[in-house]
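Colleague: this one's structure only:
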């Protein structure tokens, strides 16, 4: 069955590929047309992906960080955990209920939040072995570039090399910005993402794992590195590509994009990819899958009874799932892991699952059960307000931009990426497709103690004040916050203008003062500050203080060209007086001087600050027209002069500095 999508900007080569495949509700979604791909294929046969190869051991703290402001951490924080031997497929018992997400492989249940890190690793290994195939750790070499328009990724490992790239679209304002990776260029509303203050990274997953290929000959950058016969499915290959983008952002130094504030989204088949990417990379702060369907969020055990796209169909349509999943398409009750545990792998980071209750083939009832089951882990970790499942929508079109999601989408970006909000998560499950978790579980949620049990936020910082305002900086001070354990630092938030704009983090301080530098002269900013403690709890924001930087000296070269618009016997109007930046760098202010003929008098001017001394006139820019990029010009300036009757001379000596 072919589904007509609400938006279509598919690359011609992707469209041709998709046309050759069978499209179901998980069907091909468009890829942003400005994503470019550069894949280097080594003609030599690459080695097969070694089983059981995981990241190098790392030492981590005992407790999982909970709450909206959890640190991005490592790609896989449990890589050093000792995992018992995984069961063999042939020995797996049948269990119609959902596996207990709190039970370890040795049969015991975790008792503290500190235990979750290694239980998550066990869950990850089970999911890799039986569902998705293995996601290898970071390759030996990952390099690339980050610009305001694109990201390049170059990977080398075991003598094999591949590369791909993605486009970047920045929001308005001053960076560095958080960013949302939009898989396939098709996911959550990109206009709403940018309006909330986050950049959009349009990532073409087909460059990393192509559809329309047999399982024995998979293609794309991932399979160039790890072998075309790798048993890893496309979803984890796409996830691997997202992780490599984050690697490059981390290496870039964070001047343009923040490596610790990355989200991921996608719809339909790309919703499956977003779901898996967020589960398998703990640096992703916000995961937003949309209408992911079978092989996405819906519990495998519920799909046959709901009438969603069958597991055999999803497995056979494209090599999305790992090769090993083929033996479970007719017997999902034998799986030792289900998707409620994949939801739990995201915990305690932000998760916003968007679904469509009006298309049964998408399995929305089974998806709601997965969300409800995973939410029990969120609650046990003290992060129950960090998960949202939302299927309460009116429009039944597949992958439509829905007005019901715009506000919560921006609230999630503010909370998890900008870190300026605290809106709680919600379970907005449509009555059309409401699952009942009680029917699927025979386990209860434990009260986990220990670990990072601190859930008390610091008090609001005292009165925020600004001083020492210069053309490019300002000093902020505030009164200290208090906390039941201890305040570890303060986040300083900044927004452009006297109103509107989005507060983003400008910096942090371990004391009660902060000097903000690199500001634009003659520009207004607003500031807030909040405290945080070692557990990641953040206080409410302080009062808002407004500053306007001092005018700065003009930099670079400029010219002034006068055009006489009209004249009469006793006067004339010059409009425009065009000021052009002729330098190679941006200027933040300019001054134009000229001389009036004897007897001429300036009677009016606009869009400048004018000073007259005898016949000498000085024009300085106003707040809105002083900043000019190289080659840019302003044509808003003009003036009027009166003169003696019959005198036809005009001003002279125009100069710009």
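Modeller: Now that the structure is in, tell me what you want to look at. Values in this document were obtained by computation on a predicted structure and should not be read as measured data. Numbering: from 1, shown residues only.
Colleague: sec struct for residue 593, please.
Modeller: Assigned with DSSP: H, G, I helix; E, B strand; the rest coil, residue 593 falls in the strand class.
Colleague: What about it, how many residues nearby?
Modeller: Residues lying near residue 593 (other Cβ atoms under 10 Å) number 16. Using the backbone N, CA and C atoms, a C-beta is placed for each residue, glycine as well.
Colleague: quick one: it and residue 212, what's the gap?
Modeller: Distance, residue 593 to residue 212, using Cβ to Cβ, to the nearest Å: 67 Å.
Colleague: Kindly report the same for residue 518.
Modeller: 48 Å.
Colleague: same deal with residue 142?
Modeller: 27 Å.
Colleague: So between the two, which is more surrounded?
Modeller: Higher neighbour count among residue 142 and residue 212: residue 142, with 19 against 15, using other Cβ under 10 Å.
Colleague: wait, what's in contact with that one?
Modeller: By Cβ atoms under 8 Å, 6 or more residues apart in numbering, residue 142 lies in contact with 153, 154, 155, 244, 247, 248, 251.
Colleague: In a strand, the first one, correct?
Modeller: Pointing back at residue 153 there. Yes. Residue assignment for residue 153, taken from three-state DSSP, places it within a strand.
Colleague: Could you look up the SS state of the residue lying closest to it once chain neighbours are set aside?
Modeller: Excluding its sequence neighbours, the residue lying closest to residue 153 (Cβ to Cβ, 6 or more residues apart in numbering) is residue 144, at 4.5 Å. Secondary structure, three-state DSSP: residue 144 is strand.
Colleague: Then the one 4 residues further on?
Modeller: Here residue 148 is recorded as coil under three-state DSSP.
Colleague: confidence score at the residue most central in space within the chain?
Modeller: Among the residues of the chain, the one closest to the centroid is residue 180, at 2.2 Å (Cα atoms, centre = their mean). Looking at residue 180, its pLDDT is 98.
Colleague: contacting residues for it?
Modeller: Applying Cβ under 8 Å, 6+ apart, the residues near residue 180 are 187-188, 193, 198-201, 262-265, 286, 288, 413, 417.
Colleague: ok, what's across the strand from it?
Modeller: residue 200, residue 263 (DSSP bridges).
Colleague: starting at the chain centroid, how far to stretch 169-178?
Modeller: 11 Å (Cα atoms, centre = their mean, to the nearest Å).
Colleague: And that stretch, end to end?
Modeller: Using Cα to Cα, to the nearest Å, the end-to-end distance of stretch 169-178 comes to 12 Å.
Colleague: List the buried residues in it.
Modeller: Neighbour-count burial for stretch 169-178, counted by 16 or more other Cβ atoms under 10 Å, picks out 169, 170, 171, 174, 175, 176, 177, 178.
Colleague: neighbours around the residue nearest to the fourth one when sequence neighbours are not counted, how many?
Modeller: When the adjacent residues along the chain are set aside, residue 174 lies closest to residue 496, with 6.7 Å between them (Cβ to Cβ, 6+ apart). Applying the criterion other Cβ under 10 Å, we find 18 residues in the vicinity of residue 496.
Colleague: Read off the pLDDT value for residue 603.
Modeller: pLDDT recorded at residue 603 is 86.
Colleague: Now do it: how many residues are near it, please.
Modeller: Other residues close to residue 603 by other Cβ under 10 Å number 12.
Colleague: Tell me which helix or strand it sits in.
Modeller: Using DSSP states H and E, the element containing residue 603 is strand 601-606.
Colleague: in its sheet, what does the helix or strand that that strand is followed by sit against?
Modeller: Once strand 601-606 ends, the next helix or strand along the chain (criterion: DSSP H and E) is strand 608-613. Partners of strand 608-613 in the sheet, by DSSP bridges, are strand 616-621 (antiparallel).
Colleague: and the partner strand, average pLDDT?
Modeller: 92.
Colleague: Now do it and strand 591-595, the angle between them.
Modeller: Interaxial angle, strand 616-621 versus strand 591-595 (axes from the mean of the first three to the mean of the last three Cα atoms, to 10 degrees): 160 degrees.
Colleague: so what strands line up beside the next helix-or-strand element following strand 616-621?
Modeller: Downstream of strand 616-621, the first helix or strand assigned by DSSP H and E is strand 633-634. Here strand 633-634 has these sheet partners by DSSP bridges: strand 571-581 (antiparallel).
Colleague: how about the strand it pairs with: buried residues?
Modeller: Buried, per 16+ other Cβ under 10 Å, within strand 571-581: 572, 573, 574, 575, 576, 577, 578, 579, 580, 581.
Colleague: Check these against residue 321 and report the nearest one.
Modeller: residue 581 (55.5 Å; Cβ to Cβ).
Colleague: The closest residue to that closest one other than its chain neighbours: what's it in contact with?
Modeller: Among residues not flanking residue 581 along the chain, residue 628 sits closest, at 3.9 Å (Cβ to Cβ, 6+ apart). Residue 628 makes contact with 558, 579, 580, 581, 586, 587, 590, 634 under the criterion Cβ under 8 Å, 6+ apart.
Colleague: where's residue 628 relative to residue 636, distance?
Modeller: Separation of residue 628 from residue 636 (Cβ to Cβ): 12 Å.
Colleague: now residue 507
Modeller: Remark: distance between residue 507 and residue 636 (Cβ to Cβ) = 35 Å.
Colleague: more neighbours, the two?
Modeller: A direct count of neighbours by other Cβ under 10 Å for residue 507 and residue 636 places residue 636 higher, at 17 against 14.
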